[in-house]
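Participant: heads up, no residue letters with this:
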């Protein structure tokens, strides 16, 4: 069971491949986090990057006698690199080398605080997508008032545009992720929309809602609005990556606004300063724990054939340690294998005729333009091969933290 919202200690038989060159704070925080993860949880790591620099950092933090491996990589994918182009032109980058370790069975998962667009592109190119998956999705924990375990939002940045079938796949993957994270048998799944009524949302959202409402394997509860994302009325919130990323960044900005305003108010008088001082412990618990992404470590990139965890660009050693623990636990619980089974079942449901394709097309607003009608039909079910999916990654794919 989950204790205080934390995963129990499960161990994978393989180490975690850490892209030590990714992130804003340099390789030392990656090394220190890996050392702490082994000391605290027994989770082993393979640190990938500039070999001599990594060995020096390991010695500096007292990890020379620990079972940490180092793999040399001569190239680095920078945050401002175009993702797909960088993956093609830098095959010996720390990110690509780490992915290859996972692909060839030397590591159970990869984690990186680097260019998340490149992480998605490299994952699709090197490892590939699970059968039936068109787009991978980043699943991010979102804090909930009065509850230790957060909600999960996906996609939070991997896909700017989505079709209804993509959202349905995100819902299935998100349900499995939540079950693995918190051991909840039937998490509540909702689509993020601009209102709770069935008539709300775009054509794509209404189509996805219709499909999910016909799926007995999913505890689908309908639409939620932005204000419901941090409440306990739902467990998993599904949206496209554009909306999800904007929502998360807006929430980060609002938290910063509240914190900065409290600081400003404390300078307006001795009594306000005293009152805030007496509440210091409460504010510390809220801002340093509830809203601190480092306590969760990272967000899994769901839909790949291998397990990948995306970390925040400014992740410190605590976040790295938490991400290693998270990845190690998911690997031991075979989360990717569970998603594979669920996607197979979803494909069987969609192809069995249980969901009437004519009914699905009926949720769309009727268009007089034949071309627009064709686009709407493709929004419900667009089949894309792996090669086509890889070629669709734009060189200027938006990068997220």
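Facilitator: That came through, no problem. No experiment lies behind these values; they were computed from the predicted model shown.
Participant: Please make it C-alpha for all contacts and neighbour counts, starting now.
Facilitator: Will do.
Participant: list the contacts for residue 219?
Facilitator: Contacts for residue 219 (Cα atoms under 8 Å, 6 or more residues apart in numbering) come out as 186-189.
Participant: Mind naming the longest strand for this structure?
Facilitator: Longest strand of the chain, by residue count under DSSP state E: strand 147-154.
Participant: Can you name the element that comes right after that one?
Facilitator: The helix or strand immediately downstream of strand 147-154 is helix 164-182, counting by DSSP states H and E.
Participant: and residue 350, how many neighbours does it have?
Facilitator: 16 (other Cα atoms under 10 Å).
Participant: make that residue 214, sorry
Facilitator: Residue 214 sits with 13 neighbouring residues when counted by other Cα under 10 Å.
Participant: quick one: the longest strand of the chain to helix 164-182, angle?
Facilitator: 150 degrees (axes from the mean of the first three to the mean of the last three Cα atoms, to 10 degrees).
Participant: how about strand 147-154: buried residues?
Facilitator: Using 16 or more other Cα atoms under 10 Å as the burial criterion, the residues of strand 147-154 that qualify are 149-154.
Participant: repeat for stretch 157-168
Facilitator: Residues of stretch 157-168 classed as buried: 157-159, 162-168 (neighbour count, 16+ other Cα under 10 Å).
Participant: same thing with stretch 178-189?
Facilitator: Those would be 178, 180-182, 187-189, for stretch 178-189 by 16+ other Cα under 10 Å.
Participant: show me where pLDDT drops low in the chain?
Facilitator: 1-12, 267, 271-296, 352-401 (pLDDT under 70).
Participant: for the helix or strand hosting residue 33, packing partners?
Facilitator: Here residue 33, judged by DSSP H and E, is contained in helix 27-41. In this structure, helix 27-41 packs against strand 45-49, helix 51-60, helix 317-332, with contacts taken as 3 or more Cα pairs under 8 Å, 6 or more residues apart in numbering; DSSP states H and E.
Participant: make it 10 Å
Facilitator: In terms of contacts (3 or more Cα pairs under 10 Å, 6 or more residues apart in numbering; DSSP states H and E), helix 27-41 is packed against strand 16-19, strand 45-49, helix 51-60, helix 317-332.
Participant: Among the ones you listed, single out whichever gets nearest to residue 309.
Facilitator: helix 317-332 (6.7 Å; Cα to Cα).
Participant: C-terminal to the closest one, what's the next element?
Facilitator: helix 335-351.
Participant: Next, the angle helix 317-332 makes with that following helix.
Facilitator: 60 degrees.
Participant: Can you tell me what sits against helix 335-351?
Facilitator: 129-133, 165, 168-169, 172-177, 179-181, 211, 214-215, 217, 302-308, 327, 329-331, 352, 354-357, 381 (Cα atoms under 10 Å, 6 or more residues apart in numbering).
Participant: Quick check: PyMOL command selecting the buried ones in those residues.
Facilitator: Buried residues within the contacts of helix 335-351, by 16+ other Cα under 10 Å, are selected in PyMOL with:
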select buried, resi 129+130+131+132+133+165+168+169+172+173+174+175+176+177+180+181+211+215+302+303+304+305+306+307+308+327+329+330+331+381
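Participant: A strand includes residue 221, no?
Facilitator: Yes. Assessed with DSSP: H, G, I helix; E, B strand; the rest coil, residue 221 lies in a strand.
Participant: Check the contact between it and residue 233; I expect there is one.
Facilitator: Yes. Here residue 221 reaches residue 233: they are 9.3 Å apart, a contact under Cα atoms under 10 Å.
Participant: Now for the two: what residues contact both?
Facilitator: In contact with both residue 221 and residue 233: 188-190, using Cα under 10 Å, 6+ apart.
Participant: Take these and lay them out in TSV including distance to residue 108 and secondary structure.
Facilitator: What follows is these, written out as TSV (distance: Cα to Cα, whole Å; DSSP: H, G, I helix; E, B strand; the rest coil):
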residue	distance to residue 108	secondary structure
188	29	strand
189	28	strand
190	31	strand
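Participant: Is it possible to get TSV of the contacts of residue 219 that adds distance to residue 202?
Facilitator: Putting the contacts of residue 219 into TSV (distance: Cα to Cα, whole Å) gives the following:
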residue	distance to residue 202
186	27
187	24
188	21
189	18
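Participant: Can you tell me which of those residues is nearest residue 33?
Facilitator: residue 187 (31.3 Å).
Participant: Can you name the residues that contact the closest one?
Facilitator: Applying Cα under 10 Å, 6+ apart to residue 187 gives the contacts 151, 174-179, 218-221, 234-236.
Participant: same question, residue 221
Facilitator: Counting by Cα under 10 Å, 6+ apart, residue 221 has contacts 187-191, 209, 212-213, 233-234.
Participant: do residue 223 as well
Facilitator: Residue 223 neighbours (Cα under 10 Å, 6+ apart): 189-198, 200-201, 205-206, 209, 234, 237-238.
Participant: Could you report the separation of it from residue 189?
Facilitator: To residue 189, residue 223 is 9 Å away according to Cα to Cα, to the nearest Å.
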